[in-house]
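Colleague: structural data only, the sequence is not supplied:
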């Protein structure tokens, strides 16, 4: 029987479960692209939840209609300048974007390892792009992990800049700024 996913807007009550999902996703699915030291420093910092997205109602949860765990994935978009990073990253740029001139930010797409490679990341990405387009944006931008670059490239994003995000342990996390025009 095929599994279906229901997408809904994340709520404050979801934060503990989202934090668990994000950590599981990062530790399992990104271990081939980042060192254990990078992952340890990034979890809860750069690769973590940005609760402003929940407050803005632009962060979504994918729940499986059957199978476990029910919380299968998450992701969002933003009309704020912050490109990437969670609450702990300290790189908040809270000013609002202009849909006529700026790119919406695609943010923090994570899939639980139990649901990986089943099209869920693509489903969440499409949902975010549609929501941002409905808000008037015609261009999208993201700070992709190395793990996400192949998927986003397949979905029409192009690599623009390699970046090194500082981590609290003195290491840095390579990410790729990617953009897509409608």
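Modeller: Sure thing, it's come through. Because the structure is predicted, anything quoted here is derived from the model rather than measured.

Colleague: measure the spatially most central residue of the chain to residue 85 for me?
Modeller: Residue closest to the mean C-alpha point of the chain, counted by Cα atoms, centre = their mean, is residue 108 at 1.5 Å. For residue 108, the distance to residue 85 equals 9 Å [Cβ to Cβ, to the nearest Å]. In this view, the C-beta of every residue, glycine as well, is placed from N, C-alpha and C.

Colleague: do residue 143 as well
Modeller: Residue 143 is 8 Å from residue 85, by Cβ to Cβ.

Colleague: go on, residue 14?
Modeller: In terms of Cβ to Cβ, residue 14 sits 19 Å off from residue 85.

Colleague: between the two, which one's more packed in?
Modeller: residue 85 (22 against 18; other Cβ atoms under 10 Å).

Colleague: in contact with that one, which residues?
Modeller: By Cβ atoms under 8 Å, 6 or more residues apart in numbering, the contact set of residue 85 is 45, 46, 48, 50, 91, 143, 165.

Colleague: just the pLDDT for residue 36.
Modeller: At residue 36, the model reports a pLDDT of 98.

Colleague: now swap in residue 68 and tell me
Modeller: For residue 68, pLDDT reads 89.

Colleague: any of the contacts of residue 85 buried? List them.
Modeller: Buried members of the contacts of residue 85, counted by 16 or more other Cβ atoms under 10 Å: 45, 46, 48, 50, 143, 165.

Colleague: export those to a markdown table and tack on distance to residue 34, pLDDT and secondary structure?
Modeller: Listed next are the buried ones among the contacts of residue 85 as a markdown table, based on distance: Cβ to Cβ, whole Å; pLDDT from 0 to 100; DSSP: H, G, I helix; E, B strand; the rest coil:
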| residue | distance to residue 34 | pLDDT | secondary structure |
| --- | --- | --- | --- |
| 45 | 13 | 93 | coil |
| 46 | 11 | 94 | coil |
| 48 | 14 | 95 | coil |
| 50 | 19 | 96 | coil |
| 143 | 14 | 97 | strand |
| 165 | 11 | 95 | strand |
